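In: Sequence and predicted model, in that order:
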Amino acid sequence: MKQNPWDFIASFSTMQIASINKDLTAHSSYAPFVENEHKFYICISQMAKHTQNLSNNKSISIMIIEDESKSANLFARKRITFDMQVKPIERNCLTFNDIMILFREKFGDYADIYENMVDFQLFELTPQTGRAVFGFGEAYDFLDGDFQTNAMGMGHQSR
């Protein structure tokens with residue numbers, strides 16, 4: 001593997017999120033995140049559609065993708081996608097306090113918004129499956145808690 005997927009993830013501050021509402025309509029947006037021990041944390045307002053969607057469906061998909069301006073080929077932008085299980089984290093528990101410290105370290109004073117506004121909910125996102133794509137023929141599946149050396153059964157074929 002040419003690039004460590006976790007190093008790639010660490011170079012980003014936001015993720016794209018796809019969630020589904022109770023009527024099975026998809027919604028996409030983004031959120032700032034922190035990663036800790038291969039789990040992700042987002043803090044989003046109760047007014048956000050995602051917060052409502054996560055009350056009805058504890059699964060989401062996320063994507064972390066290379067900026068278009070940095071991509072050598074727009075058809076092969078570096079990206080990582082995960083299917084996640086979601087768990088709300090209650091305020092004033094040890095996990096909430098520890099994660100807020102990470103938000104402050106990464107985002108500075110902006111993290112105070114999350115902590116001080118009671119309509120913001122902290123969520124823990126645990127990867128179930130995923131894929132890292134670092135170029136043509138460079139896809140790695142996330143299975144059993146780690147990225148495997150290559151995507152099983154994948155490969156480009158020319159005619």
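Out: Received the coordinates, thanks. Numbers count the residues shown, from 1 in each chain.
In: pretty sure residue 8 is in a strand, no?
Out: No. Applying DSSP: H, G, I helix; E, B strand; the rest coil, one finds residue 8 to be helix, outside a strand.
In: tell me, how many neighbours does it end up with?
Out: 16 (other Cβ atoms under 10 Å). For the C-beta atoms, the positions are set from N, CA and C on the backbone; glycine is no exception.
In: Same check on the one 4 residues further on?
Out: Counted with other Cβ under 10 Å, the neighbours of residue 12 add up to 15.
In: which phi and psi does it have?
Out: Torsion angles at residue 12 (phi, psi; degrees, to the nearest 10) stand at phi -120, psi 160.
In: List the beta-bridge partners for residue 80.
Out: Assessed by DSSP bridges, residue 80 has beta-bridge partners residue 64, residue 132.
In: Isn't it up against residue 127?
Out: No. If you go by Cβ atoms under 8 Å, residue 80 and residue 127 don't touch, sitting 9.5 Å apart.
In: isn't there a helix covering residue 55?
Out: Yes. Residue 55 sits within a helix when classified using three-state DSSP.
In: how close does it sit to residue 23?
Out: Computed as Cβ to Cβ, to the nearest Å, the residue 55 to residue 23 distance reads 13 Å.
In: Which one of the two is surrounded by more residues?
Out: Under the criterion of other Cβ under 10 Å, the comparison of residue 55 against residue 23 puts residue 55 first, with 14 against 6.
In: Strands of this protein, residue ranges please.
Out: 14-20, 26-36, 39-45, 59-65, 79-89, 120-133, 139-143, 146-147 (DSSP state E).
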